[in-house]
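Engineer: would you be able to build a 3D model of this:
(2 chains)
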Amino acid sequence: DTAVSQTPKYLVTQMGNDKSIKCEQNLGHDTMYWYKQDSKKFLKIMFSYNNKELIINETVPNRFSPKSPDKAHLNLHINSLELGDSAVYFCASSPRRSRGRSEKLFFGSGTQLSVL
Amino acid sequence: RKEVEQDPGPFNVPEGATVAFNCTYSNSASQSFFWYRQDCRKEPKLLMSVYSSGNEDGRFTAQLNRASQYISLLIRDSKLSDSATYLCVVNLDSTGRRALTFGSGTRLQVQP
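Structural biologist: Below is the predicted model of the structure:
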């Protein structure tokens, strides 16, 4: 069974559309993340949730709204898609975070988003 | 200055060679350090954590130099399968409010 699974794997859409990417982890982890990897391969944190609570929001436009219905799921909804949103979006999870320390990340296989 | 900085490469080395990558980080209070590996069009995967005293895992050795704020990765006896991008990853703060920060990666190409 895949530990962190995200769907869809590929997403091609027009500017202005609204789309969602789903992520689920079966590792029993408390913390989940969304990372964005742009064309220059730079991987940047977008959001982090710990046990359904938003703990990190790295100055991402309001068009991006994460939703965590339970600690095993973290979905990403994007409104009014723009050309610059084209990237690979990775979901990840990690075990419980303790203050000042980070546990290793387990990544999903990524969603390639192309906005035309 | 970037928060986590790496030489993008590519490093082109023959099979069997020893190759080393360095990575510098901006915050001296950083506590957690890792090397991840990312193959083309795949997700990053943890290669190894980096401990203060340095650590080894088979052909891979990781070192941490807190005084100079850099970590290194040494790969001995390179294999073709080592070809990938190696990502330096740091927890830049101690408050727990920030996620791991990734460097932009160093690309390694091992040639036959």
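
Engineer: thought A:Leu76 was touching A:Tyr89?
Structural biologist: Yes: judged on Cβ atoms under 8 Å, A:Leu76 makes contact with A:Tyr89 at a distance of 6.6 Å. Backbone N, C-alpha and C define where each C-beta goes, glycine included.

Engineer: what's the least confident helix or strand in chain B, going by average pLDDT?
Structural biologist: Ranked by mean pLDDT, DSSP states H and E, the helix or strand of chain B with the weakest confidence is strand B:101-102, at a mean of 90.

Engineer: now do the contacts for residue 5.
Structural biologist: Because you didn't say which chain, this covers chain A. Contact partners of A:Ser5, counting by Cβ atoms under 8 Å, 6 or more residues apart in numbering or on different chains, are A:Cys23, A:Glu24, A:Gln25, A:Gly108, A:Ser109.

Engineer: not quite, I wanted chain B
Structural biologist: B:Cys23, B:Thr24, B:Tyr25, B:Gly103, B:Ser104.

Engineer: how near is it to A:Cys23?
Structural biologist: 29 Å (Cβ to Cβ, to the nearest Å).

Engineer: still on that earlier bit, so which of the contacts of A:Ser5 sit within strands?
Structural biologist: Filtering those for membership in strands, criterion DSSP state E, returns A:Cys23, A:Glu24, A:Gln25.

Engineer: what about the last one, how many neighbours?
Structural biologist: The one in question is A:Gln25. For A:Gln25, the tally of surrounding residues (other Cβ atoms under 10 Å in any protein chain shown) stands at 23.

Engineer: find the nearest non-adjacent residue to it, please.
Structural biologist: Sequence neighbours aside, A:Ser93 is the residue nearest to A:Gln25 in space, at 4.2 Å (criterion: Cβ to Cβ, 6 or more residues apart in numbering or on different chains).

Engineer: need the ones in strands among the contacts of A:Ser5 in a markdown table (columns: distance to B:Glu15 and pLDDT).
Structural biologist: As requested, the ones in strands among the contacts of A:Ser5 are arranged in a markdown table below (distance: Cβ to Cβ, whole Å; pLDDT from 0 to 100):
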| residue | distance to B:Glu15 | pLDDT |
| --- | --- | --- |
| A:Cys23 | 38 | 97 |
| A:Glu24 | 40 | 97 |
| A:Gln25 | 37 | 96 |
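
Engineer: please consider this matter closed, and thank you.
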